[in-house]
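Here is my input, please return the structure:
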Amino acid sequence: MIQFDEKTYFYLLAIIPVIVVLFVFLQIWKKRTQKKFAESTLLKRLTPEKSNFKSVLKLLFFLLGITFLTLALVNPKIGTKLETVKREGVDIVFAVDVSKSMLAEDIAPNRLEKAKRLVSEIINQLASDRIGIIAYAGQAFPQLPITTDYGAAKMFLQNMNTDMLTSQGTAINEALDLATTYYDDEEQTNRVLFIISDGEDHSEGTTSKAVDEAVEAGIRIYTIGVGKSKGAPIPIKKNGIVESLKKDSRGEVVITKLNETVLQEIANDGDGEYIDGTNTAKAVDRIKDILLEMDKTEFEAKQFSEYKDQFQWFLGGAILFLFLDIFVLDRKTKWLQKLNLFNENHKEAA
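Modelled structure (predicted):
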């Protein structure tokens, strides 16, 4: 496995296309200037040792030197040993509502972005717990299986949007059913599910049954409400600009409201607690306290250790190519000239 110490240095590679463009323009300028001075046949006689190929070769050496120097600054590290470590924690699954109602902007910037921020802040507070992510609307989709890779979790979390599921509506029962399949460790006694939603539920009474089945599987269900009870319209945007508001079949603007009652019932039946997500800091602190009160179960996790720096190889390559760029001259090399690899003698005879 490879890690990079200083990824920001990758931006130095943007110099390469700039150098190539400047080189091309310089060659064009040289040819135009030379044509003004003398004809090409005369120039070849005046400068018989000049090689057109060498200038390209020098450029190649220089660009390779810059590339290897950049990689040396980034300092790639390779994990040379995969070992199993013992960790203690809780298995946590986040079920995030990605239905269209989560686009309502009664809570800044909108409900979905607020939900993603809440989950991200909760992850920041975790130490050795395993986490998974589910996206749901009219159906549920496994976004990320149970893992200890918090970086990957945040990446998948940020990619969530209301267009990722074609089936719209809000079926919380689908998220509950999928969540029961996430906890594959039979020895894990603490299984926690956080449902982050505005509480809209179109599952027509099947949610209660799904909650009971989840509780039987040993899952404690906590709900986090995002939005406001007074509600807000659902904006329809294009390129970040509001074009219209979502309307129902009668042509009236749809007002979506936070349904705390539904979320409270799910939390109560799920042996958990309802948490108001309006204030991110308070919500995260409460969740942190809840998780600290739980007993931790020991489990095994595989991870790379003994990462070794590899910058020296790239630094050596950079020095080599930059030295070659300095010492390779524009003149033709005698032994290469005898080999006539580029058919230069034939061209001159012609």
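
and the protein, what are its domains?
2-75+310-349, 89-302 (automatic domain parsing).

so where's the stretch 51-200 of the chain uncertain?
Residue ranges of the stretch 51-200 of the chain with pLDDT under 70: 51-53, 79-87, 185-189.

now the strands for it?
76-89, 91-97, 130-136, 140-147, 191-197 (DSSP state E, counting those that start in this stretch).

For burial, what's the neighbour tally of I266?
26 (other Cβ atoms under 10 Å). C-betas here are computed from N, CA, C, even on glycine.

mind listing what V284 touches?
Counting by Cβ atoms under 8 Å, 6 or more residues apart in numbering, V284 makes contact with 118, 121-122, 125.

Helices - which of those residues land there?
Using DSSP state H, 118, 121-122 are the members of these that sit in helices.

From A175, how far out is Q168?
14 Å (Cβ to Cβ, to the nearest Å).

okay, these two: which has more neighbours?
Neighbours per residue (other Cβ under 10 Å) separate Q168 from A175, with A175 holding more: 28 against 16.

ok, the more buried one touching F141?
No: contact between A175 and F141 fails when scored by Cβ atoms under 8 Å: they sit 9.4 Å apart.

what do these two both touch?
Joint contacts of A175 and F141 (Cβ under 8 Å, 6+ apart) are I134.

on contacts alone, who are the packing partners of whatever helix or strand V262 lives in?
V262 belongs to helix 260-269 when assigned by DSSP states H and E. Using 3 or more Cβ pairs under 8 Å, 6 or more residues apart in numbering; DSSP states H and E as the contact test, the elements touching helix 260-269 are strand 191-197, helix 207-216, strand 219-225, strand 274-276.

Show me the contact partners of it.
Residues outside helix 260-269 that contact it (Cβ under 8 Å, 6+ apart): 172, 195, 197, 199-201, 207-208, 211-212, 215, 221-225, 229, 273-274, 276.

Mind doing that once more with 10 Å?
170, 172, 176, 193, 195-201, 207-208, 210-212, 214-215, 220-227, 229, 259, 272-277 (Cβ atoms under 10 Å, 6 or more residues apart in numbering).

List buried residues within those residues.
Among the contacts of helix 260-269, those classed as buried by 16 or more other Cβ atoms under 10 Å are 170, 172, 176, 193, 195-201, 207, 210-211, 214-215, 220-227, 259, 272-275, 277.

residues in contact with the most centrally placed residue in the chain?
Central residue of the chain (Cα atoms, centre = their mean): M155, 3.8 Å from the mean position. Residues in contact with M155, defined by Cβ under 10 Å, 6+ apart, are 144, 149.

how about 7 Å then?
Shown in contact with M155 (Cβ atoms under 7 Å, 6 or more residues apart in numbering): no residues.

Please enumerate the helices of this structure.
Using DSSP H, helices in the chain cover 15-37, 40-46, 52-74, 111-124, 150-158, 172-179, 207-216, 260-269, 280-293, 311-327, 334-339, 344-349.

Give the buried residues for the fifth one.
This points to helix 150-158. Neighbour count says helix 150-158 has 153-154, 156-157 buried, by 16+ other Cβ under 10 Å.

Next, format the residues you listed as TSV and append distance to T70.
Shown next, in TSV, are the buried residues of helix 150-158 (distance: Cβ to Cβ, whole Å):
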residue	distance to T70
A153	29
K154	26
F156	29
L157	30
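
Dump stretch 138-149 to PDB, keeping only the CA atoms.
Taking Å, rounded to 0.1, in the frame of the first residue of the first chain, the C-alpha atoms of stretch 138-149 are listed here in PDB:
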ATOM      1  CA  GLY A 138     -37.500   5.100  -2.200                       C
ATOM      2  CA  GLN A 139     -35.000   2.300  -1.800                       C
ATOM      3  CA  ALA A 140     -31.800   1.700   0.100                       C
ATOM      4  CA  PHE A 141     -28.300   1.500  -1.400                       C
ATOM      5  CA  PRO A 142     -25.100   0.200   0.400                       C
ATOM      6  CA  GLN A 143     -22.800   3.200   0.100                       C
ATOM      7  CA  LEU A 144     -19.900   1.800   2.200                       C
ATOM      8  CA  PRO A 145     -19.700  -1.600   4.000                       C
ATOM      9  CA  ILE A 146     -18.400  -1.800   7.600                       C
ATOM     10  CA  THR A 147     -14.800  -0.500   7.700                       C
ATOM     11  CA  THR A 148     -12.200   1.200   9.900                       C
ATOM     12  CA  ASP A 149     -11.100   3.400   7.000                       C
END
